[in-house]
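Engineer: build me a model:
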Amino acid sequence: MSLEDQEQSLVDHLTELRKRLVYAFLAIAVGMGVCWAFSEQLMDLIRNPILPYLPEGGLIFTGVMDKFMAHVKVALAGGVVLSCPFWLFQVWKFVSPGLYENERKYAGAFIGVGSLLFITGILFVYFFVYPMAFSFLMGFGGMEDKPMISISEYLSFFTTTTLLFGLAFELPLILVILALIGLIDAQFLKKNRRYAIVVLALVSAFLTPPDVISMGMMMAPLMLLYESAIWAIVFLVRKRPAV
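Structural biologist: Numbers count the residues shown, from 1 in each chain. You can find the predicted model right below:
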């Protein structure tokens, strides 16, 4: 392939990427609009994990726009979750040209499994990680000090952590896609398992609140997802012929 062809191919890829990003953002915007109508109910759900540790029974805000912006952030995060199948479809459309014809039949499975993994990550952090993390962090050092947590700080922490957990649970999907396009295989993942453990430990430490319990609760499912990806690749991905 000539340099001109390579440049043209790169431009085509960037154009396609921009197109898929635009479609994904449009889907998120529509989801955000839907979630805006339920922002108060969503705010109640988001507040619940920290509520038992707030002596005044609610979060505080000090700026005139703080509460309004909080509902905007809640609607945006809800839009990302609600539109999950749509932006996953855009991801698939971007990577599918690099797959063989028989591999493109996995589109439905990619979107379905990807959506399930994303929602599972969100439910996991909400029902398991947050209760244990807040119990440890809010009770650390005695109960003499009383928390006064601002709505903006809590929402930034909650939405970022929750969405990152959802994305982290997409690990097996990412690995399977990399295997489908020929960048890795099951043997590669097995051979580099020790390095994967280190990387996943670092990712867990980054994503979770600063306590060992939360980190362990994050790392355990990630390792399970890593191992499940190996088995999925063994059964789904056939060795590609040399080019």
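
Engineer: name the nearest residue to Arg47, sequence neighbours excluded.
Structural biologist: Once flanking residues are discounted, Arg47 sits nearest to Leu59: 6.6 Å by Cβ to Cβ, 6 or more residues apart in numbering. For the C-beta atoms, the positions are set from N, CA and C on the backbone; glycine is no exception.

Engineer: identify each buried residue in stretch 194-209, please.
Structural biologist: Ala196, Leu200, Ala201, Val203, Ser204, Leu207, Thr208, Pro209 (16 or more other Cβ atoms under 10 Å).

Engineer: which members of these occur in helices, if any?
Structural biologist: By the criterion of DSSP state H, membership of the buried residues of stretch 194-209 in helices covers Ala196, Leu200, Ala201, Val203, Ser204, Leu207.

Engineer: hang on, the earlier thing: out of the buried residues of stretch 194-209, which two sit at the greatest distance?
Structural biologist: The distance between the two most remote of the buried residues of stretch 194-209 (Cβ to Cβ) is 23.0 Å, for Ala196 and Pro209.

Engineer: report the backbone C-alpha coordinates of the stretch of helix or strand Met69 belongs to in CSV.
Structural biologist: Using DSSP states H and E, Met69 sits within helix 66-82. In CSV, the C-alpha atoms belonging to helix 66-82 read as follows (Å, rounded to 0.1, in the frame of the first residue of the first chain):
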residue,chain,number,x,y,z
ASP,A,66,-25.6,24.1,42.1
LYS,A,67,-28.9,22.2,42.4
PHE,A,68,-30.0,22.9,38.8
MET,A,69,-26.6,21.8,37.5
ALA,A,70,-26.9,18.7,39.7
HIS,A,71,-30.1,17.7,37.8
VAL,A,72,-28.4,18.4,34.5
LYS,A,73,-25.5,16.0,35.5
VAL,A,74,-28.0,13.4,36.7
ALA,A,75,-29.9,13.6,33.4
LEU,A,76,-26.7,13.3,31.4
ALA,A,77,-25.5,10.3,33.3
GLY,A,78,-28.9,8.7,32.9
GLY,A,79,-28.8,9.5,29.2
VAL,A,80,-25.5,7.6,28.9
VAL,A,81,-27.0,4.6,30.6
LEU,A,82,-30.4,4.7,28.8
